[in-house]
Each structure stands twice: as structure tokens, then as C-alpha cells.
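J.: what follows is a predicted structure for the sequence shown.
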Amino acid sequence: MVYIILRNAFWTQIIIIIIIIIIIIIIIIIIIIIIIIIIIIITIIISSTAVIPKSLPQSLKRLNLHPNTYIKMQKSVILGTCSIVGNI
């Protein structure tokens, strides 16, 4: 009887260790996914805020728009990107 209890306790410990290892692996995978998403979002934001055509100020002037309209355009791109990412 004691042998069966000890044997069950051994297997219980093994199962607990396996569950802990699985939880650690899942946490690592989640962290990796979060890092990848952050890198993608930062790349999109940098590209949307830093890259504008050289002719944009001239085009805005031709359309009789305020010269700083591109700032609002960049903000809308960022908000749109956040909305798309939020829907995923």
C-alpha cells in the first residue's frame, strides 16, 4: 500500500513538473509574439511618420491647404493602423 502511494506521488510530481514546463513554454511564446507585434507596429509608425514625398508641401500649397496638413495625415495613418491592429 505504501509503495503505491509513493509511486503515485512520484508520478504526480512528474506531471506537475511537465505542467510547469508547458506553462513556461506558453509564456515564452506569448512574449515572443508580443515582441514581434511591437516591432511591426513601431516599423509602421516610423514609416508613416517619417516618410513623406518631397513634393507633398508643393501639392498641399496647390490645393490651398495648410502646409502642416501632412501632420494630420500622419496622425490619421497611425490611428488607422492602431484600429486595424486592435481588430486583429
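T.: Sure thing, it's come through. Only a predicted model underlies this, so the values are computations on that prediction, with no experimental measurement involved. Numbers count the residues shown, from 1 in each chain.

J.: and this protein, what are its domains?
T.: 1-51, 53-88 (automatic domain parsing).

J.: can you lay out those domains as TSV showing mean neighbour count and mean pLDDT?
T.: Heads up, the C-betas are built off the backbone N, CA and C, glycines and all. Formatted as TSV, those follow (neighbours: other Cβ atoms under 10 Å; pLDDT from 0 to 100):
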stretch	mean neighbour count	mean pLDDT
domain 1-51	10	79
domain 53-88	11	79
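
J.: for residue 34, what is the enclosing helix or strand?
T.: Of the helices and strands defined by DSSP states H and E, residue 34 is found in helix 2-50.

J.: how far off centre is that helix?
T.: 17 Å (Cα atoms, centre = their mean, to the nearest Å).

J.: next structured bit after that helix?
T.: Next helix or strand after helix 2-50 toward the C-terminus (DSSP H and E): helix 56-62.

J.: find the residue at the geometric middle of this protein.
T.: By Cα atoms, centre = their mean, the chain has its centre lying nearest to residue 37, at 2.3 Å.

J.: CA-only coordinates of stretch 71-80 in PDB, if you can.
T.: C-alpha atoms of stretch 71-80 as PDB (Å, rounded to 0.1, in the frame of the first residue of the first chain):
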ATOM      1  CA  ILE A  71       0.900  66.100 -39.700                       C
ATOM      2  CA  LYS A  72      -2.900  65.400 -39.600                       C
ATOM      3  CA  MET A  73      -2.500  62.900 -42.400                       C
ATOM      4  CA  GLN A  74       0.200  61.100 -40.500                       C
ATOM      5  CA  LYS A  75      -1.900  61.000 -37.300                       C
ATOM      6  CA  SER A  76      -4.800  59.500 -39.300                       C
ATOM      7  CA  VAL A  77      -2.500  56.800 -40.600                       C
ATOM      8  CA  ILE A  78      -1.300  56.000 -37.100                       C
ATOM      9  CA  LEU A  79      -4.800  55.900 -35.800                       C
ATOM     10  CA  GLY A  80      -6.000  53.800 -38.700                       C
END
